[in-house]
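> compute the structure for the input listed below.
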Amino acid sequence: MRRFGFFLLNCLIVLSLNNLSLSSQTENNDLEKDPYWKLIEASFTACGQGNFAQAEAELSKAIRMKLDHPITIYLLNNLGGYQQILGKYDQAILSYSAALTKDPDEQTIRFNRARLYAQMKRYKSALTDYALLLGLNPKNELFRYHRAMIYLLTEDYDLAELDLSEILKLSPESLKARIGYALLETMRASYDKAEMIYEHLLGKLPNSAEVYEGRARMYLARKMLGFAVRDMEQAFKLAKDSTSPSLYRLKAEIEQALGNKEEAKKSLSQANKLELRFDPLKSKMEQ
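Presented below is the predicted three-dimensional model:
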């Protein structure tokens, strides 16, 4: 359930707002009998149980009941999160967008929408959101890193490098920026440079599944399949129960290169299953 922690945390945040906003009214209102708060509570309970379809249904009813309530923006964010987990991406975009009409400067919600746009391969829309986010918070490394990853996907390598270099200016010891640089050099086919960066990173992050996955991808690009298999297996070992869809996609590519078509098909199928339940961006950044 760790991968859903962000949404559960949001539930707790909204509950805190609920308690704060109504603390002066508790003597005159029996909240337990208020259908609005009962729906919200039922949604949070369903969320905690992993029943996101029920959480979505209860929260939708609550939002429609009091559209102008001060916490509606946060409820819409949660709703978008539930819909995203359920694979209802278009509906999630609508929920995030509705929240942003109420507060265009709300950074967490815009970040959620940007990541979802990226997952949907709507890169121009994602880049627009990141430009707005960086306009509000130009020193935010998380926003800049995710934008750099989109530039890699769109093969705008010079723009990706600009963002990664800016992160290093702000935080010279940033290992995440160096992971980005290793990916960039791999995609530029500068494999020797990429390998040197990965060696440095593994000295600092010896238990990072993400680093091993990245180096395996680099070895695959170099057609050094034995090394790719070794690093891929180590990435699976380190990831344990939090294996990313991208790691299964890498496995599928390696199996395909080895001629194991059936195994490649199984790994790709597993990646697709995880994709619906995983956080939006494959290269998720945790700080």
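
> how about residues contacting whatever helix or strand residue 183 lives in?
According to DSSP states H and E, residue 183 maps onto helix 175-187. Contact with helix 175-187 is made by 141, 145, 148-149, 152, 155, 157, 160-161, 164, 167-168, 171, 191, 193-194, 197-198, 200-201, 204-205, 210-211, 214-215, 217-218, 221, 283, 285, 287, as judged by Cβ atoms under 8 Å, 6 or more residues apart in numbering. In short, each C-beta sits where N, CA and C put it, glycine included.

> filter the residues you listed to the buried ones?
Among those, those buried by neighbour count (16 or more other Cβ atoms under 10 Å) are 141, 145, 148-149, 152, 160-161, 164, 167, 194, 197-198, 201, 205, 210-211, 214-215, 217-218, 283, 285.

> how far out from the middle of the chain is stretch 59-74?
25 Å (Cα atoms, centre = their mean, to the nearest Å).

> can you show me the CA trace of it as PDB?
Provided in PDB are the C-alpha atoms of stretch 59-74 (Å, rounded to 0.1, in the frame of the first residue of the first chain):
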ATOM      1  CA  LEU A  59     -16.300  11.600  -2.700                       C
ATOM      2  CA  SER A  60     -18.200  12.500  -5.900                       C
ATOM      3  CA  LYS A  61     -21.400  12.600  -4.100                       C
ATOM      4  CA  ALA A  62     -20.000  14.900  -1.400                       C
ATOM      5  CA  ILE A  63     -18.500  17.300  -3.900                       C
ATOM      6  CA  ARG A  64     -21.800  17.600  -5.800                       C
ATOM      7  CA  MET A  65     -23.600  18.200  -2.500                       C
ATOM      8  CA  LYS A  66     -21.500  21.300  -1.600                       C
ATOM      9  CA  LEU A  67     -19.600  22.600  -4.600                       C
ATOM     10  CA  ASP A  68     -18.700  25.900  -3.000                       C
ATOM     11  CA  HIS A  69     -17.400  24.500   0.200                       C
ATOM     12  CA  PRO A  70     -13.800  25.800   1.100                       C
ATOM     13  CA  ILE A  71     -12.300  22.300   1.000                       C
ATOM     14  CA  THR A  72     -13.800  21.300  -2.400                       C
ATOM     15  CA  ILE A  73     -10.400  22.100  -4.000                       C
ATOM     16  CA  TYR A  74      -8.700  19.400  -1.800                       C
END
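
> name the residues of it that are buried.
Within stretch 59-74, the residues scored as buried using 16+ other Cβ under 10 Å are 59-60, 62-63, 66, 69, 71-74.

> same check on stretch 259-278?
Buried residues in stretch 259-278, counting neighbours by 16+ other Cβ under 10 Å, are found at 264, 267-268, 270-271, 274-275, 278.

> also stretch 120-129?
125-127, 129.

> closest to residue 230 among those residues?
Of all the buried residues of stretch 120-129, residue 126 has the smallest distance to residue 230: 33.8 Å, by Cβ to Cβ.

> which residue packs closest to that closest one, ignoring adjacent ones?
Residue nearest to residue 126 in three dimensions, not counting chain neighbours: residue 117, with 3.7 Å by Cβ to Cβ, 6 or more residues apart in numbering.

> who does the helix or strand encompassing that neighbour touch, helix- and strand-wise?
Per DSSP H and E, residue 117 falls inside helix 107-119. For helix 107-119, the packing partners by 3 or more Cβ pairs under 8 Å, 6 or more residues apart in numbering; DSSP states H and E come out as helix 72-85, helix 89-102, helix 123-136, helix 141-153.

> please name whichever of these is nearest to residue 46.
Nearest of the helices and strands packed on helix 107-119 (Cβ to Cβ): helix 72-85, 8.8 Å.
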